[in-house]
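# sequence below, structure please.
(3 chains)
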Amino acid sequence: MVPFAYIAVATPEAAIRRTAEGRGAEYVAGGTDMVQLLQEGVRAPLELVDINGIAFDDVSIAIDGIRIGAMARLADVADDPAIRERVPVVSSALQESASPQVRNMATVGGNLLQRTRCLYFRDATTPCNRRVPGSGCPALEGQNRINAILGGSPRCIAAYPGDLAVALVAVDAEVLVAGPTGERTITVENLHRLPGDAPHLETVLEPGDLITAIWIPLAAAGRRSHYLKVRDRTTFEWALASAAVSLGMNGDTILEARVAVGGVATKPWRLRHVEEMLVDRRLDHALARAAGERAADGAEPRGRNAFKVTLLRRTVERALLQIGGLA
Amino acid sequence: MNVPLAKAVGQPVSRVDGPRKVTGHARYAGEFDVPGMLHAALVLSTVPKGAVAAIDGEAARQVPGVHVLVTHENAPRLPYRRMAQRPQVDAQSGDQLQVFQGPEIHFNGQPVAVVVAETLEQAVHAASLVTVTYEEEEASTTFDIDRGKPPSSGNEKAGRPAETSMGDADAAFAAAPVKVEAIYTQPREHHNAIEPHVTIARWDGDVLTLYDKTQWVDNDRKEIAHVFGIPEESIRVVSPFVGGAFGSALRTWPHVTVAALAAKVAGRPVRVELTRRELYTSVGFRPHTVQRVALGAERDGTLTAIIQEAWGQTSAYEEYAEVTLDPARNTYACPNVRTRYRLIEMNTNSPCPMRGPGVATGLLAHETAMDELAVALGMDPVELRLRNYAEKDQHKDLPWSSKALRECYRIGAERFGWSGRQPEPRSMREDGQLIGFGMATAAYPAHRSEASAEATLFSDGTALIRSAASDMGPGTYTSITQVAADALGLPVEAVRFELGDTDMPFAPVHGGSITLASVGTAVEAACRVLLEDLSNVVRADPDGPFANLSADDLEWRDGGAVRRGGGELVTFETLLRGLRLDRIVGQGDSAPGDESKTYSSCAFGAVFAEVRVDPDLGTVRVHRIVGAYDIGRVVNPKTAHSQCIGGMVGAIGMALLEQAEWDERFGRVMNGNLAEYLVPVCADVRELDALFVESEDRIFNPLGVKGVAELGICGVAPAIGNAVYHATGRRIRDFPILPEKLL
Amino acid sequence: MLETDEGQVRRSEAAYSQHAASIALTVNGESHQIQVDARTTLLDALRDRLHLTGTKKGCGLGQCGACTVLVDGRRVVSCLTLAVMNQGKSVTTIEGLAEGGLHPVQKAFIERDGFQCGYCTPGQIMSAVGLIREGRTRSDDEIRENMSGNLCRCGAYTNIVQAIKDALAQGLDDPEAVRQAVEAIRQDAERGE
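Here you go, the predicted model:
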């Protein structure tokens, strides 16, 4: 771990001031990913700005949506009655994230920004374009079982590992961002970038930007929703494949659909073409099968992650069956 | 002389070290508070083969708090004397890695330098600033069976032969009316005990103290004495608690030398604590092994041919070999058996024994093949095994000193409900999940070794037992206490057992499940000597209560002595005070006799597993496992049960989760952590049960025990794999059984 | 014998870097003011500075749970939080779980043999105490799921689950727990009026 200065701040303004200057200051909140990356020598900030003193940690219900403070801990949001009842996809995604201890520590804001689990990104002795731009991507031809089949580039196929962001995409959520030039909102779907030629640029956030809240519009919160996560181990593992589905239903007819998938793509991945297949159709086994069949369209498997093509199809199919009470 | 009746042995005594462990007061090696201790951080090679061209340590030396940077350029030359006899725990051929003695690189992850600093943070940071450049050479990083070579004579002599043959297995296989043949793969697996390996080294002049995580303090001392060329007597190794090891702490790894060397150079005590990632290259692992098994049988299931071949990985500087093919030779009766063993040298750190070494690997292939044969025969897997029951060890051509495996099959099947199995694959379902039942045989050879112990009885009626043994988790502290309590006729609470210190009487390695059979018998002997001495003294005391009695007239029980046939109990307190003794000491030794020349000894078991498989997603969950075991006399049913179910959990990892993800380009394990190298978690485990058949093996040793720990992991992974076949109709021969293999 | 090159030994006056901080920490009810490097994890501060080695280091990356402690009453992995981030907080470690005797969970772990080597045990026990406070004990499956942040390589999981269930059952027989429960019901009732 490199030496760094440490400062604790109590307001977003103070936090933003420290990091906006672009002098190597980075935020730390729960610390659950940051400390791992510091220990592994993957990140080397000059200063850590501790934002735990900022009290944005409540879940509140407004007339048009649910607001989750960015500093709220995963466990608290997962347990929140409003979240459990109105957006079960979010509650489940959080409940199935990490371990109980980590869920008590990690913030929802930080969770959205957790870095990939790509084995080469986390091992500082090997090249990695995401960690050291231009150094190469050994995952392309290497141990890439956990890597992405969707959204990759010849520079990077690191999978986005999180669950929460995938669930939030399915409920049209936005993040509220405060930055040096004021506040703005970004849809969770657009928060992360594709790796393209610059995999080290993971999100659209600029220096100084601070996620202050997550906003879930009530229209989306009224839909039926479900999260399915598939992994080797029963629990305490990132997804091999996951599907977050939210459906506006009239009887067994789908009026509106969101399908997002995780563990298989370089960012939280929305399957718009699958959503289109579902709208105005009756949810039954045949539809779920047909939708699942299209879930991996455009996939570029590379060696050991090839199984994710089939696994993703079946995961989406199963998630649809489960939400329809058909599985 | 009368031996007290067993009162403690056989009872489910709670761990005597339990209160210390649950309160955080059990002190593990890295936790000794050594004044003035500095912290070390390693610099490891990042190439698999070649030589260090240059090391630039200037930036590291400038880091505040840094004391020394030791590299091959400035390290003291160490003699690395050869030992007259190579310890069993070391690789049986080749040379151990010598730290900082030259620029040669044998594997990615080899220590090339160590930084010693005031704090861990400073040391780690400084180590990251050391720049090493290499002259790379082409490395052997592929597991290529064409490069397989026969084990050398050292391994041949140690029971890992290149070839064995009985009858004519190839002809019998060719002629067999029913046959199966397949290739089985088991990946490189890592012990991953939760406690990392750690050593604190302190020099007081020429005297070295090592607080070390080790399964064998006496050998640790001997190894370091040879490395440094100093007398064994000038080294003390202390290791009272070991936070799991499973074989990884059998031998003395290079980081122990690093600690002693760094402490010498720094002139202060030094702690070397390996990080989780460093554990993947700094200690050993279960070697990647590929096996070919061919079985031939008559239509009634009688085995006529067993051919088993194995290719195991080893390092470029040492030849580590296993008894992988033992199960092929002696698990079942068969007149024609041929085995062939080859090793593949790779630029990697050396493998080493991991729980059930060799045997668990060999059984994985052998017991899967037996299941395939049962399918080919249309026969129940238990019936097939009973049909080929080995009434003797056919490889050694010796009778078993005891064997109650038939009973294991019977009670295991009964408890499990094996009769409810519908033979047809994919025929059992519940809630959309496929249900599979599978079984396998477990066996692990029983050994014992020379051991010594000291028993001290104090005038307050308590006893202290000492032997330089170890307890990495099986419950040695407790079982030995029970043995001693019965031997002295004391309650368990009055006996304390201390272990893990070279100042204590010699104990053999804490591995191979030999501890209880070896140290337990030595402790019994020490207690017997103590009571004999006491008997002689009290009977010679003309004013004492037992003056002029014969030895046979005295009975030792309930914390004292009583005249046989009646009379009052005279407590140890009264006896010793009457003699004006504050203590009496007995030394005892034990050693195997000639029994291993006339008998073969082995612990046995029958393992039954139920799995649930998601037919679409390919995920496998173990629903329950029942194991029925013949481990000889059960000294402590509670800890023995824990050993068995613990082995089952390890085997769930072996069957379904664990594999090192090796990158041939770097010669490196890429998932060197506990997030991507998956071991079972609590939710992976539902019902586990272990039963013990009535058994006692007094031929093998006077205590009648056979050993448990290694056995517990044996046979479980194939039982799970066989259950997956039964659930899905898919035979997965490449372990672990990951979801993608069932999609 | 060894030759030691004194030239290699360079003692630094600065035991700590310029990035040191002094923090106040309450550990097991006792206030401490400790000097730490900003990089020091709470785990290393407990083990190496306060010599509370009951909290174990297994992986340093939040992947094994051996370092679980309670911070302000909630279970966390102490390896993934820097000591400086815990300024003013109250930490409970295994050493402070029970005064004098044993906590019901500790007793149950001994009785049920919920451990073998004992190294993951303090983390398991602290996690179990946190689990019980969270109320995630309504079924065996819920206990298993919510104890899955604590690896036990010896494989004592089934005994750990039994021990937690025993402790829960015993807790109800504990006169102090009963008194507290009755008091809570009384207060709720009063508030309801």
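
# so what's the spatially closest residue to residue B:262 that is not a sequence neighbour up against?
Once flanking residues are discounted, residue B:262 sits nearest to residue B:270: 4.5 Å by CB to CB, 6 or more residues apart in numbering or on different chains. Using the backbone N, CA and C atoms, a C-beta is placed for each residue, glycine as well. Applying CB atoms under 8 Å, 6 or more residues apart in numbering or on different chains, we find residue B:270 in contact with B:37, B:38, B:39, B:40, B:116, B:200, B:201, B:259, B:262, B:263.

# report the buried members of those residues.
Neighbour-count burial (16 or more other CB atoms under 10 Å in any protein chain shown) is assigned, among the contacts of residue B:270, to B:37, B:38, B:39, B:40, B:116, B:200, B:201, B:259, B:262, B:263.

# in strands, which of the contacts of residue B:270 fall?
Mapping the contacts of residue B:270 onto strands (DSSP state E) picks out B:38, B:39, B:40, B:116, B:200, B:201.

# closest to residue C:164 out of those residues?
For the ones in strands among the contacts of residue B:270, the minimum distance to residue C:164 (CB to CB) is 34.4 Å, reached by residue B:200.

# the closest one touches residue B:271, doesn't it?
Yes - with contact defined as CB atoms under 8 Å, residue B:200 counts as touching residue B:271 (4.6 Å).

# show me which residues of chain C are close to chain A?
Applying CB under 8 Å from any CB of the partner chain, we find that chain C lies next to chain A at C:17-19, C:21, C:37-39, C:41, C:60-62, C:65, C:68, C:74-77, C:79-82, C:84-85, C:87, C:127, C:130-131, C:134, C:136, C:145-150.

# so which of these are in helices?
Of the residues of chain C next to chain A, the ones assigned to helices by DSSP state H are C:127, C:130, C:131, C:134, C:145, C:146.

# so the second one sits against residue C:70, correct?
In other words, residue C:130. Yes - between residue C:130 and residue C:70 there is a contact under CB under 8 Å: 6.1 Å.

# what about stretch B:631-644, distance to the chain center?
Offset of stretch B:631-644 from its chain centre (CA atoms, centre = their mean, to the nearest Å): 16 Å.

# near chain C, anything from that stretch?
Yes - on the criterion CB under 8 Å from any CB, stretch B:631-644 is in touch with chain C at B:638, B:639, B:641, B:642, B:643.

# would you convert those into JSON lines that also reports distance to residue A:171, secondary structure and pLDDT?
JSON lines is the format used below for those (distance: CB to CB, whole Å; DSSP: H, G, I helix; E, B strand; the rest coil; pLDDT from 0 to 100):
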{"residue": "B:638", "distance to residue A:171": "50", "secondary structure": "helix", "pLDDT": "98"}
{"residue": "B:639", "distance to residue A:171": "51", "secondary structure": "helix", "pLDDT": "98"}
{"residue": "B:641", "distance to residue A:171": "48", "secondary structure": "helix", "pLDDT": "98"}
{"residue": "B:642", "distance to residue A:171": "46", "secondary structure": "helix", "pLDDT": "98"}
{"residue": "B:643", "distance to residue A:171": "49", "secondary structure": "helix", "pLDDT": "98"}
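
# now do the contacts for residue B:125.
Going by CB under 8 Å, 6+ apart, residue B:125 touches A:1, A:2, A:3, B:63, C:39.

# dump these to a markdown table, plus secondary structure, distance to residue B:147 and neighbour count.
A markdown table is the format used below for the contacts of residue B:125 (DSSP: H, G, I helix; E, B strand; the rest coil; distance: CB to CB, whole Å; neighbours: other CB atoms under 10 Å in any protein chain shown):
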| residue | secondary structure | distance to residue B:147 | neighbour count |
| --- | --- | --- | --- |
| A:1 | coil | 41 | 23 |
| A:2 | coil | 42 | 17 |
| A:3 | coil | 47 | 18 |
| B:63 | coil | 44 | 23 |
| C:39 | coil | 45 | 27 |
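
# how many neighbours does residue 143 have?
Unless you meant another one, I'm taking chain A. Number of residues near residue A:143 (other CB atoms under 10 Å in any protein chain shown) recorded here: 25.

# to clarify, I was referring to chain C.
23.

# any idea how far residue C:122 is from it?
To residue C:122, residue C:143 is 18 Å away according to CB to CB, to the nearest Å.

# and residue B:124, that one's in a helix?
Yes - counting by DSSP: H, G, I helix; E, B strand; the rest coil, residue B:124 is found in a helix.

# can you pull out the helices in the stretch 551-700 of chain B?
Remark: helices assigned in the stretch 551-700 of chain B by DSSP state H, counting those that start in this stretch are B:572-578, B:595-598, B:637-656.

# and those: which comes nearest residue B:683?
Nearest of these (CB to CB): helix B:637-656, 11.5 Å.

# so what's the gap between that closest one and the chain middle?
Offset of helix B:637-656 from its chain centre (CA atoms, centre = their mean): 13 Å.

# for stretch B:36-55, same thing?
In this view, stretch B:36-55 has its centroid 29 Å away from the chain centroid, taken as CA atoms, centre = their mean.

# strands along chain C, start to end?
Using DSSP E, strands in chain C cover C:20-27, C:30-37, C:68-71, C:74-77, C:90-92.

# is any residue of stretch C:44-59 near chain B?
Yes - legend: contact between stretch C:44-59 and chain B by CB under 8 Å from any CB is shown at C:44, C:47, C:48, C:51, C:52, C:53, C:54, C:55, C:56, C:57, C:58, C:59.

# for chain C, name the helix or strand with the lowest mean pLDDT.
helix C:175-192 (a mean of 52; mean pLDDT, DSSP states H and E).
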